[in-house]
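**Q** Build me a model:
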Amino acid sequence: MLARIQLSDAEVERLTGQLDVIVDNIAKVSQVATPDVPATSHPIPLQNVYRPDEVGQTLSHEQALQNAPDAAEGRFRVTAILGEEQ
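**A** Reported below is the predicted structural model:
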């Protein structure tokens, strides 16, 4: 039932033209795509750059909370947003 979209005649006419353009562009890409050219998602290779995990200086709870507008039980205290429209 979710796949059944009600479209007006004007919407069908407009979307038919757009679908024709999409199919034509796919056909153009298929003409130049050859088996010896690998498919890519990016023009240049991507590589993640990681740094080694090293334990360093960290803030104590007191230091982290010292400038907080409100804190309770060692945590930042914020106003509730549940139930509000977003």
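
**Q** For this structure, which helix or strand comes out least confident on mean pLDDT?
**A** Sorting the helices and strands of the chain by mean pLDDT, DSSP states H and E puts helix 9-32 at the bottom, at a mean of 88.

**Q** In it, which residues are buried?
**A** Going by neighbour count (16 or more other CB atoms under 10 Å), nothing in helix 9-32 comes out as buried. C-betas here are computed from N, CA, C, even on glycine.

**Q** element containing the spatially most distant residue from the centre of the chain?
**A** For the chain, the residue at maximal distance from the C-alpha centroid (CA atoms, centre = their mean) is E62, at 35.6 Å. Under the assignment given by DSSP states H and E, the secondary-structure element containing E62 is helix 61-65.

**Q** gap between that helix and the chain center?
**A** Between the centre of helix 61-65 and the centre of its chain there are 33 Å (CA atoms, centre = their mean, to the nearest Å).

**Q** Same question for stretch 47-62.
**A** The chain centre lies 26 Å from the centre of stretch 47-62; the measure is CA atoms, centre = their mean.

**Q** same question for that stretch, mean pLDDT?
**A** Stretch 47-62 shows a mean pLDDT of 90.

**Q** What lies in contact with it?
**A** For stretch 47-62, the surrounding residues in contact (CB atoms under 8 Å, 6 or more residues apart in numbering) are G74.

**Q** May I have it exported as CSV, CA atoms only?
**A** Output in CSV follows, covering the C-alpha atoms of stretch 47-62 (Å, rounded to 0.1, in the frame of the first residue of the first chain):
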residue,chain,number,x,y,z
GLN,A,47,42.3,6.9,3.0
ASN,A,48,41.6,7.4,6.7
VAL,A,49,44.4,9.0,8.7
TYR,A,50,44.6,7.7,12.2
ARG,A,51,46.9,8.8,15.1
PRO,A,52,48.0,6.5,17.8
ASP,A,53,45.9,6.5,21.0
GLU,A,54,48.0,7.9,23.8
VAL,A,55,46.9,8.7,27.3
GLY,A,56,47.3,12.4,28.0
GLN,A,57,46.3,15.1,30.4
THR,A,58,42.5,15.1,31.0
LEU,A,59,40.2,17.4,33.0
SER,A,60,39.0,16.3,36.4
HIS,A,61,35.2,16.4,37.0
GLU,A,62,35.6,19.6,39.0
